[in-house]
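Peer 1: fold the following, please.
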Amino acid sequence: MNSTKQLRILYSTGPVDATSVYMHWVLGQDDPAHFAITYAQHFYELASRLKAKTWLISARDKKGLVKDEDFRIEFRSLKHHYRNSIAYFAGQFWSGLRLIFSTLLFKADILIVTQDRTFFFLLGILPLLGVKIVPTIHCTLWPKYKQPTTVQRIIQKLNGWFFRYGCEEICVVSDDIRDQIIKITDGKSRPIRTFVPTYREDFLKDIKVQKYRSEAEAFSILYAGRVEASKGVYLLLEVAKKFIAIKPNCIFNVCGTGGEVENLKAAALKAGIAKQFVVHGHCKREQLRKMYETSHVVVVPTTKDFVEGFNKVVAEGVIVGRPIVTSGVCPALSMVKSAAVEVPPDDVEEYLKAILKLATDKDFYELKQRNAMALRKQFFSYSRSWQAQVESVVQKICRKTPDINTYKREVVHRTPVVAESEPVLPRK
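Peer 2: Presented below is the predicted three-dimensional model:
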């Protein structure tokens with residue numbers, strides 16, 4: 001590789017509107033559709049700092065292609081994820097082969113890849129062809145509270161080989177994912193780094209800290225996220241039925257899109273609680289922000305069936321100073337325990353008790369709220385972000401690979417990243 005050739009990075013990411021993120025980034029803005037800084041935006045900033053030529057492939061089901069001098073953005077649907085087993089496995093293999101072909105066609109030096117696109121072990125051929133792979137994993141490899149099926153065990157055994165020998169380092173969004181990787185590799189994986197979702201402190205601008213002042217005030221419970229059975233929306237409905245019977249002066253707000261929106265509305269109507277269990281569907285940023293502001297408690301009732309990776313709603317609830325009610329299914333709990341009430345997974349009665357305690361015990365509520373506000377800072381730390389962790393891995397690759405030493409010198413001569421602060425990055 002000669003000294004004039006650009007570093008080339010292909011990034012296969014999860015479902016994000018990467019073109020919208022890119023257009024706002026070019027203008028020096030965050031995409032207003034998101035509260036957190038998206039991983040796509042982190043990637044654009046990383047690529048700009050490294051002067052790399054890049055190709056981002058998003059899993060979002062959308063048509064379109066963006067190309068400019070150094071950035072290419074493409075959408076490739078993963079509809080096979082929602083089909084039967086045979087179609088799913090065929091789709092995973094085809095998607096993986098297509099990613100391998102794209103990586104080689106692009107002549108990528110580095111492939112950054114999430115688990116959405118394919119099975120990791122299928123990518124094992126790429127290191128033999130000189131491509132360095134950096135997995136960034138955003139969901140647990142199997143549901144935390146369930147034993148893997150026979151097929152899952154076979155896949156994870158093969159993935160274990162990949163995590164030992166097929167990648168450079170591994171970046172994960174929670175300790176739960178790290179523990180699963182350690183398990184399937186018998187503690188012999190490549191180095192593992194943990195990142196956390198990152199927010200700007202502007203998120204707090206003009207945020208009103210809602211306190212529960214009196215019995216006369218309606219107690220507001222917020223659910224935000226995908227409206228799917230595995231995310232616990234029907235569990236929450238059962239909780240609401242019991243809570244409303246005990247404490248009628250309340251409201252449950254459900255915000256988000258998903259396959260169960262209309263069915264959940266119908267179930268609330270049938271139960272006679274539609275006025276107090278309000279399914280809003282998609283909420284724009286400002287509307288959702290207001291929902292956070294007017295809530296007293298944020299509930300994250302993800303079930304045992306879901307492969308939760310972090311759940312940003314937990315972070316956002318803490319940032320706006322709200323107590324959280326959730327279970328160990330949600331890996332983010334470990335970072336906010338003092339601000340949360342932990343309940344056993346899938347237990348309607350325990351969720352009910354937790355919310356009732358917050359609604360009726362003022363001292364307990366205020367303690368959790370103070371703890372939430374004390375935990376905010378960790379989500380504003382650039383040093384713990386996806387970008388900081390991945391950039392560190394890329395720099396190590398550049399340092400130890402003779403053919404790409406030139407990139408190491410470029411990075412070193414740029415303005416260094418200062419921990420705990422967001423660097424000022426160039427824009428196109």
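
Peer 1: pLDDT of the helix or strand harbouring residue 42, averaged?
Peer 2: Assigned by DSSP states H and E, residue 42 belongs to helix 39-50. For helix 39-50, mean pLDDT is 95.

Peer 1: ok, now stretch 330-337?
Peer 2: Mean predicted confidence for stretch 330-337 is 95.

Peer 1: check what contacts it and list those residues.
Peer 2: Outside stretch 330-337, the residues that touch it by C-beta atoms under 8 Å, 6 or more residues apart in numbering are 140, 144, 173-177, 196, 300, 302, 308-312, 314-315, 318, 324, 326-327, 340, 342, 372, 375, 378. In this view, the C-beta of every residue, glycine as well, is placed from N, C-alpha and C.

Peer 1: among those, name the ones in strands.
Peer 2: Secondary structure from DSSP state E places 300, 324, 326, 327, 340, 342 of those in strands.

Peer 1: let me have these in a markdown table, extended by neighbour count, distance to residue 274 and pLDDT.
Peer 2: Putting the ones in strands among the contacts of stretch 330-337 into a markdown table (neighbours: other C-beta atoms under 10 Å; distance: C-beta to C-beta, whole Å; pLDDT from 0 to 100) gives the following:
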| residue | neighbour count | distance to residue 274 | pLDDT |
| --- | --- | --- | --- |
| 300 | 25 | 23 | 98 |
| 324 | 28 | 26 | 98 |
| 326 | 27 | 25 | 98 |
| 327 | 26 | 27 | 97 |
| 340 | 27 | 29 | 98 |
| 342 | 15 | 30 | 98 |
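
Peer 1: now render these as a markdown table, adding distance to residue 208.
Peer 2: Listed next are the ones in strands among the contacts of stretch 330-337 as a markdown table, based on distance: C-beta to C-beta, whole Å:
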| residue | distance to residue 208 |
| --- | --- |
| 300 | 21 |
| 324 | 18 |
| 326 | 23 |
| 327 | 28 |
| 340 | 21 |
| 342 | 27 |
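
Peer 1: picking up where we left off before, mind exporting the helix holding residue 42 as PDB, just the C-alpha atoms?
Peer 2: The C-alpha trace of helix 39-50 is given here as PDB (Å, rounded to 0.1, in the frame of the first residue of the first chain):
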ATOM      1  CA  TYR A  39     -23.600   5.600  15.700                       C
ATOM      2  CA  ALA A  40     -23.800   6.700  12.000                       C
ATOM      3  CA  GLN A  41     -22.900  10.200  13.000                       C
ATOM      4  CA  HIS A  42     -20.000   8.900  15.100                       C
ATOM      5  CA  PHE A  43     -18.800   7.000  12.100                       C
ATOM      6  CA  TYR A  44     -18.900  10.100   9.800                       C
ATOM      7  CA  GLU A  45     -16.900  12.000  12.400                       C
ATOM      8  CA  LEU A  46     -14.400   9.200  12.800                       C
ATOM      9  CA  ALA A  47     -14.000   8.900   9.000                       C
ATOM     10  CA  SER A  48     -13.500  12.600   8.700                       C
ATOM     11  CA  ARG A  49     -10.800  12.600  11.400                       C
ATOM     12  CA  LEU A  50      -9.000   9.800   9.600                       C
END
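
Peer 1: ok, then the element right after it?
Peer 2: Beyond helix 39-50 on the C-terminal side, the first helix or strand identified by DSSP H and E is strand 53-58.

Peer 1: name the residues that touch the helix or strand that comes right after that next one?
Peer 2: Downstream of strand 53-58, the first helix or strand assigned by DSSP H and E is strand 65-67. For strand 65-67, the surrounding residues in contact (C-beta under 8 Å, 6+ apart) are 19, 22, 72, 73, 74, 75.

Peer 1: tell me the strands beside the very next helix or strand once past strand 65-67, with direction?
Peer 2: Downstream of strand 65-67, the next assigned helix or strand under DSSP H and E is strand 71-75. Its sheet considered, strand 71-75 pairs with strand 53-58 (parallel), strand 65-67 (antiparallel) by DSSP bridges.

Peer 1: so which of these is nearest residue 81?
Peer 2: When the strands paired with strand 71-75 are compared by C-beta to C-beta, strand 53-58 sits nearest residue 81, at 14.1 Å.

Peer 1: list the buried residues for the closest one?
Peer 2: 53, 54, 55, 56, 57, 58 (16 or more other C-beta atoms under 10 Å).

Peer 1: for the stretch 101-250 of the chain, what spans make up the helices?
Peer 2: Per DSSP state H, counting those that start in this stretch, the stretch 101-250 of the chain carries helices over the ranges 125-128, 150-161, 175-184, 233-246.

Peer 1: helices or strands up against the longest one?
Peer 2: The one in question is helix 233-246. Applying 3 or more C-beta pairs under 8 Å, 6 or more residues apart in numbering; DSSP states H and E, one finds that helix 233-246 contacts strand 219-224, strand 250-255, helix 261-270, strand 277-281, helix 348-360.

Peer 1: tell me which other helices or strands the second one touches.
Peer 2: Of the remaining helices and strands, those touching strand 250-255 by 3+ C-beta pairs under 8 Å, 6+ apart are strand 219-224, helix 233-246, strand 277-281, helix 285-294.

Peer 1: show me the shaky parts of the stretch 301-428 of the chain.
Peer 2: Applying pLDDT under 70 to the stretch 301-428 of the chain flags residues 402-428.

Peer 1: OK, contacts around residue 120?
Peer 2: Contacts of residue 120 were listed using C-beta under 8 Å, 6+ apart, and they are 113, 135, 159, 162, 163, 166, 167.

Peer 1: wait, the first one sits on residue 135?
Peer 2: Yes: at 5.8 Å, residue 113 counts as touching residue 135 under the criterion of C-beta atoms under 8 Å.

Peer 1: residue 103: how many residues sit nearby?
Peer 2: Neighbour count of residue 103, defined by other C-beta atoms under 10 Å: 25.

Peer 1: pLDDT value on it, please?
Peer 2: 97.

Peer 1: and the nearest residue to residue 360 once chain neighbours are set aside, how many neighbours does it have?
Peer 2: Take residue 360 and drop its neighbours on the chain: the residue closest to it by C-beta to C-beta, 6 or more residues apart in numbering is residue 247, 7.8 Å away. Here the count is done by other C-beta under 10 Å, and residue 247 has 15 residues near it.
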